[in-house]
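Novice: I would like the atomic coordinates for the input below:
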Amino acid sequence: MFDLRTLDDLGRLAETIDLECKLAQGQDGKGEIPKDFWLTYSAMANAHGGVVLLGVREKNGQFSIAGLENPTKLRGDLFNTLNNRAKVSANLLTDSDVEEAQVDGKSLLVVRIPAATRKQRPVFLHGQPLGNTWRRLNDGDRQCDDETVKRMLAEQVEDERDARILTGFGMDDIDPESLRIFRQMLRDEKPGHPYLEQDDFEFLKSLRGWRRDRHSGEAGLTLAGLLMFGRWASIQEGASHYFVDYQERPEAKAELRWVDRLAPDGSWSGNLFDFYRRVYRKLVTDLKVPFALKDGLRQEDTPVHVALREALVNTLVHADYTGRVSVLVVKRPDMFGFRNPGGLRLPIEQVVRGGESDCRNRILHQMFLMIGLGERAGSGIPKIYSGWRSQHWRPPALRQKDEPEQTLLELRMLDLLPEHVIRDLKVRFGPAFNALDHTARLILATAAIERVVSHTRLQEICNAHPHDLSLMLARLVRDGMLDSDGKSRGTVYFLPGETLPTPEQVFDEPSFLGLEPALHAHASGRSELSSEHSAPSSEHSAPSSEHSAPSSERSGMGNGERDSLGRWISALLNAPIIDDLSRLSPAFLAQLYALADEPRRKERLEPEKMEEVILAICKAQFVTRSVLATLVQRDPDGLRQRHLSRMVKDGLLEPAFPSKPTHERQAYRTANNPPGQRASPHD
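Specialist: Alright, predicted model coming up:
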């Protein structure tokens, strides 16, 4: 809960993902709700909520109290606008969410904005969602593109995202072998079930893989039927963003090489049912879990098997198959990782607690339930936590990422305080570590194992009071045993000298230059995954030997490697690409920061000057939009809209991927053509 009482508290403020300060003085100095307050209201409501302070002045990162002459009037104006549907689509606030605070004898308004529910999103302005919907990312309010808004609207009105009827699709688009095996599994699970007597078409109708809309009369294959049992070529036509990927990685490291892989390549159906069957066998192969005895008989289905089965089904039935990332399952010696496109439909706390369900693809879920897979009524995630707890392993880590929207689940097969981790920490910190209590040791061990730790994650792991955890984290930072990044709720902690890790290091595809062609190959009706260096495995394929595995600096199909400066070199591009600042050599990184010095120091910069800086940074190399935005300290989408698109059009910049002009991982190089001439993408 946000609390502001003294000027000392004010000195510790920083605008973050969940905090914004606004002067709210008005033109006459008597106070009014600022126009940009409503952008922040929409943005926070469409993200994770937050707090807005009215009556606080911010200058160069420093905050001071300006105060409000008449906070009661502002409070009334606030609620008047909130209840005007022509201005704001939804009023999420109650009286208790807007409070007057006194600091140094001056009045402020503290406005607590809750996160909107799925049924309330998008929260938009001016009566029109497209172009007037915002979302809070990092410490800024970002305008949502039309694709994101349409996805929110679909989530709002469609309880079942997979019930949509696909025009023009029929039984020819179904893989008969998948349907046959599913029928056999149903027979094994429920002998004598009436569906078993039906022919394939009636069977599919009973499973709701085919349905007729009672209102429109339209009939056809549902999205669920296509995804569950479809042929790969048909799935590519009906769900253009669909992609499923399994990778087995050989070491307990965040590096992205793999020794076994399963992804749609034309050699198997590519549908969810086949993906589940093949991947589950791979997940439990060589699973080092002691078997249990029941009535003197060995029980092969341990709580860990149940947890992995539920995690895989959960990933598939909760995925948003219109999202921009793939379904990804990772197996490492120390952990299993699961990623699906789309955020959670319920708060994380509710999902972990269980008892309530809001499945995105309810037909798919019911199909898995028919053959004894998956859990009902919101009990899936608690079952996963229970299975991991049975082995005294670290609690699962469930989290969301907003851009692109995805849900991540990590299941680590490690004790809370593994001996080898404690031994390494003792060597690293010496007598100072021995003097720590159990909670402090647990914090450092978690940082060593998971590479990053947050206040929320620690509350899942230990029983310490939240206030005591805050004090302990502050003490470890003060004593030099932890470093921190971020402010307020977004603060994360890691061991000194470590590169700040991100979920992508575990869950993201191998270098996007390697996997991206595979992700989009289906758009052209062909698969580009296979190569002599990295062919996806089939269910019968053995993992690659040490002689055929990609090197640690290679990944996917890009046949790439890092040069001495840390830039990625790919056969797919005619120049090196800077995709990750943390991989660059210190000297080269310093040169880039020097080139970007002026925009980093100035919030406002003449367009011509900004373009000079961009051209200097991109000379003789491609630079991704996100890296450029970080270097010049600008919003990535704003940078593209204000500068990059025009510079490409004017021939000043050359895009790395001309067919994907607005892709989030687009990269740019200074064109060889003189200004004013359009650069060829093949120069």
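
Novice: Domain boundaries for this structure, per the record?
Specialist: Using automatic domain parsing, the domain ranges for the chain come out as 7-146, 171-238, 244-412, 419-504, 560-683.

Novice: Next, format those domains as JSON lines and append mean pLDDT, distance to D159 and mean neighbour count.
Specialist: Every residue, glycine included, has its C-beta placed from N, CA and C. Output for the domains of the chain, formatted as JSON lines (pLDDT from 0 to 100; distance: least, C-beta to C-beta, whole Å; neighbours: other C-beta atoms under 10 Å):
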{"stretch": "domain 7-146", "mean pLDDT": "88", "distance to D159": "9", "mean neighbour count": "17"}
{"stretch": "domain 171-238", "mean pLDDT": "96", "distance to D159": "13", "mean neighbour count": "17"}
{"stretch": "domain 244-412", "mean pLDDT": "87", "distance to D159": "7", "mean neighbour count": "19"}
{"stretch": "domain 419-504", "mean pLDDT": "84", "distance to D159": "28", "mean neighbour count": "16"}
{"stretch": "domain 560-683", "mean pLDDT": "82", "distance to D159": "29", "mean neighbour count": "17"}
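
Novice: G374 is in contact with F368, correct?
Specialist: Yes: applying C-beta atoms under 8 Å as the test, F368 and G374 come out as touching, 4.3 Å apart.

Novice: Now list whatever residues contact both of these two.
Specialist: V313, V317 (C-beta atoms under 8 Å, 6 or more residues apart in numbering).

Novice: check contacts around the closest residue to P382 other than its chain neighbours.
Specialist: Closest residue to P382 apart from its sequence neighbours, by C-beta to C-beta, 6 or more residues apart in numbering: G354 at 3.8 Å. By C-beta under 8 Å, 6+ apart, G354 lies in contact with G378, S379, G380, I381, P382.

Novice: hmm, 10 Å instead?
Specialist: E375, A377, G378, S379, G380, I381, P382, K383, Y385, S386 (C-beta atoms under 10 Å, 6 or more residues apart in numbering).

Novice: Kindly reformat these as CSV containing secondary structure and distance to D95.
Specialist: Below are the contacts of G354 laid out as CSV (DSSP: H, G, I helix; E, B strand; the rest coil; distance: C-beta to C-beta, whole Å):
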residue, secondary structure, distance to D95
E375, coil, 40
A377, coil, 35
G378, coil, 32
S379, coil, 37
G380, helix, 37
I381, helix, 34
P382, helix, 35
K383, helix, 40
Y385, helix, 37
S386, helix, 40
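
Novice: And those residues, which is closest to E608?
Specialist: I381 (53.1 Å; C-beta to C-beta).

Novice: mind checking how far the closest one is from W388?
Specialist: 11 Å (C-beta to C-beta, to the nearest Å).

Novice: intersection of neighbour lists for the two?
Specialist: Each of A307, A311, P396 lies in contact with both I381 and W388 under the rule C-beta under 10 Å, 6+ apart.

Novice: Report whether the expected contact of the first one with I384 is present.
Specialist: This points to A307. Yes: A307 is in contact with I384 according to C-beta atoms under 10 Å; the separation is 4.5 Å.

Novice: overlap in contacts of those two?
Specialist: P396, L411.

Novice: SS state for the most centrally placed residue in the chain?
Specialist: Centroid-nearest residue in the chain: K401, 2.9 Å away (criterion: C-alpha atoms, centre = their mean). Using DSSP: H, G, I helix; E, B strand; the rest coil, the structure places K401 in strand.

Novice: For it, name its beta-bridge partners.
Specialist: Q406 (DSSP bridges).

Novice: in the stretch 101-250 of the chain, which spans are helices?
Specialist: 146-157, 176-189, 200-206, 223-229, 232-238 (DSSP state H, counting those that start in this stretch).

Novice: so can I have JSON lines of the shared contacts of I381 and W388 showing distance to F622 and secondary structure?
Specialist: Formatted as JSON lines, these follow (distance: C-beta to C-beta, whole Å; DSSP: H, G, I helix; E, B strand; the rest coil):
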{"residue": "A307", "distance to F622": "42", "secondary structure": "helix"}
{"residue": "A311", "distance to F622": "37", "secondary structure": "helix"}
{"residue": "P396", "distance to F622": "38", "secondary structure": "coil"}
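
Novice: Now distance to A656 too, for those residues, in CSV please.
Specialist: Listed next are the shared contacts of I381 and W388 as CSV, based on distance: C-beta to C-beta, whole Å:
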residue, distance to A656
A307, 41
A311, 35
P396, 37
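
Novice: Between those residues, which sits nearest R208?
Specialist: So of the shared contacts of I381 and W388, ranked by how close each gets to R208 (C-beta to C-beta), first place is A311, at 24.3 Å.

Novice: my guess is that closest one contacts K383, does it?
Specialist: Yes: if you go by C-beta under 10 Å, A311 and K383 touch, sitting 9.2 Å apart.

Novice: any idea how far G49 lies from Y41?
Specialist: 11 Å.

Novice: Just list the residues touching L54, thanks.
Specialist: So L54 contacts 20-25, 31-34, 37, 66-68, 71, 74-75, 78, 98, 100, 107-111 (C-beta under 10 Å, 6+ apart).

Novice: out of these, which are inside helices?
Specialist: F37, P71, L74, R75, L78 (DSSP state H).

Novice: Now flag whichever of those residues is closest to Q128.
Specialist: F37 (18.8 Å).

Novice: packing partners for the helix or strand encompassing E608?
Specialist: For E608, the host element (DSSP states H and E) is helix 607-617. Helices and strands touching helix 607-617, as assessed by 3 or more C-beta pairs under 10 Å, 6 or more residues apart in numbering; DSSP states H and E, comprise helix 586-595, helix 597-601, helix 625-632, helix 645-649, strand 653-655, strand 667-670.

Novice: Go again with 8 Å.
Specialist: helix 586-595, helix 597-601, helix 625-632, helix 645-649 (3 or more C-beta pairs under 8 Å, 6 or more residues apart in numbering; DSSP states H and E).

Novice: contacting residues around the second one?
Specialist: What it means is helix 597-601. Contacts for helix 597-601 (C-beta under 8 Å, 6+ apart): Y593, L605, K609, M610, V613, L631, V632, Q633, R634.

Novice: Can I get these in a markdown table including distance to R249?
Specialist: Output for the contacts of helix 597-601, formatted as a markdown table (distance: C-beta to C-beta, whole Å):
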| residue | distance to R249 |
| --- | --- |
| Y593 | 33 |
| L605 | 43 |
| K609 | 45 |
| M610 | 40 |
| V613 | 38 |
| L631 | 31 |
| V632 | 34 |
| Q633 | 34 |
| R634 | 35 |
